[in-house]
Each structure stands twice: as C-alpha cells, then as structure tokens.
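*Asks:* with the sequence up front, the predicted model follows.
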Amino acid sequence: MSKNRNDKRKSVILLSDSIATTTGNSKVALTLLKGLQKQGYNVSSMSMGGDEPETEFDGIRLLPISQYGFDDNSVNIFMTKLTRYLLREKPDYFIVLGDRVHFQQLGIGNIEKEFIKQIDTKMIFWETVDSDVRLCMESMLNNPRNPKRDIYNTFDYIVTTSQYGKDVLENELIKVDKVIWEFVDTELFLPITDKKKLEIRKDYRFKHDDFIFMVVGRCIRRKNHELVIEALYPFLIDNPKVRLFCMIPDYNGKDDLNLIDFCKRVLPIRYGGRDMADEQKILFCTSNGKPLNIVAGIDQEEVIKFYQASDAVISGSMNEGFNLVVCETISTGLPYIGINNTTIPELTNNGEVGFIAPASQEQHVGLGIKLQSTSIENMREQIKKVLALSVDERKKISERYHKYADDHFSRSKMITEWVKYLQSIDTKKSKVN
C-alpha cells in the first residue's frame, strides 16, 4: 500500500476508536473501507487489529494497534506504532473516526506538521461530536492549554457526523469542511408483515396483541432512560395492552444504579405500589423467559428482531453525535419518540419522521454546563399520539419512514459522500499546486 509500490490506486488508512468489529464506530469504519475498496481505493484498517500480527478481516488488511491506557508510557507506545505505520505506508488519506476526547488523550493531534508533509498524507478527522464532547470543550476554555491546537493541529480536513457537531465545533472557531452522516443497515432494518411480527413475538414470548414500546440501551442507567420509563408508567398501569421492553441486559443484583432497581424500588412508590416489572408489564431482556444473546457482544440479527417485534421506540437521550437508535427505528418503520435536542431534529427532519417532545427544561451536568431535556408531561403527549394511531396510519408511517431512512442513512449514501469528498480534496490540492 506504500506510495513507492507499483500500485497506482489511491490509498486509505482508517483508524477508529474501538477494536470491536461488529458495533459502533468500528462497524462504520469497516463498512466505509469495504465501500471505498469497491470504488478502487487501496484500503487498510488500524482499528480492529488488536495485538494480532498483520492480517486480514473480511477482505480488509489490518494494521494491529492497541491502546492500553492514557499514562505516558501507553500513549508513547501507541503513538510510536502509529507514526511507524504512517511512515511505512505513506497513505494518500489517513481518516480518524471517533471521539475527540479519546484521541486528545492519545495525542494524535500532536503529530508534527513536518512529518505529515514528509509522508504527503492528507489527515482527515471524522468527528463524532455529541454533547459530552461539547461539555469537555466548554470546560477546557479556561484551561491555559489551547484544546484546539492539541486536538486538531495535525488535521487539515475536519468532517463531522452531524450538523449539530459541525455547529458545536465551528462555535469554537474550528472550520468544518463537510457533514457526512454514518449509516444504518437499511437493507436489514426493515418493516415486516403482521404475520412475521407475530412469529417473532411468539418466539420471544411477547403477547400477540400487546402494544410494545422499546427502550434501547446497552448498559446501566444512562441517557435519560428513567424519564421515558416514568413517562410511560401510567399507560402501563391503565392500559392492559401496553408493555415496555427494555433492550438492556439483566444485572447481578448488586448494582443499585441499574434500571431494574429504578423500576422496582422507585416507581412503585410513586405510583400507588404497582410494580410493573413484577407484573410483567416491563421486560428486561431475559425477564420474558427466553435467553437472549445481548449481554457483551451484540447479535445484530437479534437486535433487528427486537425492533421488528415492537410497535414504537422511545428514548430520552440528550447527548448524541449521530444516534443510530433513531435511524434504526425509522428504517424499521416504527414511530420514534424522543427529545428535540442535539442531533434529533436533523435526523427526524424536524419531527417529520418522529414524535418529538420539545426540549423544555435544563439539566445541570457539572462544571456549570447545562443540557436541554424535556418534561415527563411533554413525553406523555407524544406517547398519546402514538397510541392513537390507526392501523392504516401506522402502515403509512412504516412505508414512509423506511424510504426516508434508505434515502438518508444507507451505507451507499455514506460511501458516495466520502468518495465525492476525497475527490474534492484532490481537486482543490491540484488547483493549489
């Protein structure tokens, strides 16, 4: 892949902030590389190699690189290997995908400009800016060290995964070239027939005539899950057909911050002693009697079935850099209930493909920083709208939502946008030369 080889193709190395290959940024990275490969680029990944020898994964060459911590020795080892790869390979493009704080701590932004000039590589940061990143940026403004210099000094090209992220960065006077959304598997997250939905429900022991709301989460209490569960709680009590399925792993019984404890110890006290988890109106992964695979590794086929077995998805998330849950929900043709904050307005076309509660209250999250949330009452208004939908309205929504997702969130669109962007960089550079 090095430029001194006979291969005339443009070369790309992509580094993401995770060594996993099936979820999150690494899945996006692998998908993009495979797409660029089909477009004639010579590609390598620096995100999935771990400690293994240089090898291939699904047709992509892996350059093994690991990060064990953020102490000086670990960072030095990581940066030494990173710069050796770049010096050896001299890629035309080096794309870094991931969280700004992660890469700041690893020091990627401190690679010398002279080194980049020597290898003649275009450095591109594909930034996943969420409100956590904004908080970190704002909290560092009073720091004597300039966070912009440390993080972005190396990169001549900045891309974000959302307009929200672009606005955040440009508010700090960092020029962003382009917004390129990540993708969702629109060919897999599909609406299904009523018959198929019943088959999936039977497999997971869901009742055939229940109206199932789903909360998507892969960890303990976070992202405002408590707000949406409490918003739904009276509907669980009053409507015998309404149930809530939480795609969140069960726990060991010792974690008092787990959502199951919130449902069993907090909400019954507030709502007349009714324990909806005990009454099987709230289900947490394994609590409905079928062992599920979603604990550590995520089985995507099963995740898709969770969506397809549900009637709506509800989320209280306030800090998203892209928000795959929104896109997966829309692609599956389900109503999405969420908050008008961060990336939600742009992903739902300002609520055109969603049921969006207005952001109406501030939550303090430390360091004097505030985020916009919503009230339980506002969320309940959106729940009422979804429950009031007729069968015909839900079918129309399903078709329209999936088409919207396929037009906006598909892998082909993401790859096309990147090919155009790389070509535009070359065009600009040739004009300068």
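*Replies:* Cool, got the structure. Numbering: from 1, shown residues only.
*Asks:* any regions of the stretch 151-300 of the chain where pLDDT drops low?
*Replies:* Along the stretch 151-300 of the chain, segments meeting pLDDT under 70 span 172-173, 217-223, 248-258, 286-299.
*Asks:* for it, what spans make up the helices?
*Replies:* 163-171, 194-203, 225-238, 259-261, 267-270, 300-309 (DSSP state H, counting those that start in this stretch).
*Asks:* before we move on, what about the stretch 301-433 of the chain?
*Replies:* Using DSSP H, counting those that start in this stretch, helices in the stretch 301-433 of the chain cover 324-332, 344-347, 376-387, 391-408, 411-432.
*Asks:* tell me which of the ones you listed sits most buried.
*Replies:* Here the criterion is mean neighbour count by mean count of other CB atoms under 10 Å, and of the helices of the stretch 301-433 of the chain the winner is helix 324-332, at a mean of 26. Just so you know, the C-beta spots here come from the backbone N, C-alpha and C atoms, and that holds for glycine as well.
*Asks:* save the helices of the stretch 301-433 of the chain as JSON lines, and put in mean pLDDT and distance to Glu301 too.
*Replies:* JSON lines is the format used below for those (pLDDT from 0 to 100; distance: least, CB to CB, whole Å):
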{"stretch": "helix 324-332", "mean pLDDT": "94", "distance to Glu301": "13"}
{"stretch": "helix 344-347", "mean pLDDT": "94", "distance to Glu301": "24"}
{"stretch": "helix 376-387", "mean pLDDT": "96", "distance to Glu301": "26"}
{"stretch": "helix 391-408", "mean pLDDT": "96", "distance to Glu301": "18"}
{"stretch": "helix 411-432", "mean pLDDT": "86", "distance to Glu301": "17"}
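*Asks:* and those as CSV, adding distance to Lys175?
*Replies:* Formatted as CSV, those follow (distance: least, CB to CB, whole Å):
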stretch, distance to Lys175
helix 324-332, 27
helix 344-347, 20
helix 376-387, 36
helix 391-408, 25
helix 411-432, 14
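*Asks:* for those helices, which one sits closest to Val129?
*Replies:* Closest approach to Val129 among the helices of the stretch 301-433 of the chain (CB to CB): helix 344-347, 12.6 Å.
*Asks:* for that closest one, list the C-alpha coordinates in PDB.
*Replies:* Output of helix 344-347 as PDB, limited to C-alpha atoms (Å, rounded to 0.1, in the frame of the first residue of the first chain):
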ATOM      1  CA  ILE A 344     -32.700  14.500  16.800                       C
ATOM      2  CA  PRO A 345     -34.100  17.500  14.800                       C
ATOM      3  CA  GLU A 346     -31.900  16.800  11.800                       C
ATOM      4  CA  LEU A 347     -32.200  13.000  11.800                       C
END
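*Asks:* sorry, back to before: for Pro358, find the nearest of the helices of the stretch 151-300 of the chain.
*Replies:* helix 225-238 (13.7 Å).
*Asks:* run through the neighbouring helices and strands of that closest one.
*Replies:* strand 211-216, strand 242-247, helix 259-261, helix 267-270, strand 312-314, helix 376-387 (3 or more CB pairs under 8 Å, 6 or more residues apart in numbering; DSSP states H and E).
*Asks:* what would the ones you listed look like in JSON lines with distance to Phe284?
*Replies:* What follows is these, written out as JSON lines (distance: least, CB to CB, whole Å):
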{"stretch": "strand 211-216", "distance to Phe284": "10"}
{"stretch": "strand 242-247", "distance to Phe284": "5"}
{"stretch": "helix 259-261", "distance to Phe284": "6"}
{"stretch": "helix 267-270", "distance to Phe284": "14"}
{"stretch": "strand 312-314", "distance to Phe284": "15"}
{"stretch": "helix 376-387", "distance to Phe284": "20"}
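*Asks:* which among the ones you listed is found nearest to Thr83?
*Replies:* For the helices and strands packed on helix 225-238, proximity to Thr83 was assessed by CB to CB; strand 211-216 is nearest, at 38.7 Å.
*Asks:* for Glu127, what are phi and psi?
*Replies:* The phi and psi torsions at Glu127 (degrees, to the nearest 10) take the values phi -90, psi 130.
*Asks:* and it, bridged to which residues?
*Replies:* Beta bridges link Glu127 to Gly98, Thr160, judged by DSSP bridges.
*Asks:* any idea how far Cys246 lies from Ile200?
*Replies:* 17 Å (CB to CB, to the nearest Å).
*Asks:* these two: which is more packed in?
*Replies:* Cys246 (22 against 17; other CB atoms under 10 Å).
*Asks:* quick check: bridge partners of that one?
*Replies:* Val215, Phe284.
*Asks:* now for it: which residues touch it?
*Replies:* Met214, Val215, Gly217, His225, Ile229, Leu259, Ile282, Leu283, Phe284, Cys285 (CB atoms under 8 Å, 6 or more residues apart in numbering).
*Asks:* hmm, try it at 7 Å
*Replies:* Val215, Gly217, Leu259, Ile282, Leu283, Phe284 (CB atoms under 7 Å, 6 or more residues apart in numbering).
*Asks:* go on, Val129?
*Replies:* Thr160, Ser162, Tyr164, Gly165, Val168, Leu169, Gly321.
*Asks:* take the residues you listed and lay them out in a markdown table including distance to Glu346.
*Replies:* Listed next are those as a markdown table, based on distance: CB to CB, whole Å:
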| residue | distance to Glu346 |
| --- | --- |
| Thr160 | 11 |
| Ser162 | 6 |
| Tyr164 | 7 |
| Gly165 | 10 |
| Val168 | 13 |
| Leu169 | 15 |
| Gly321 | 12 |
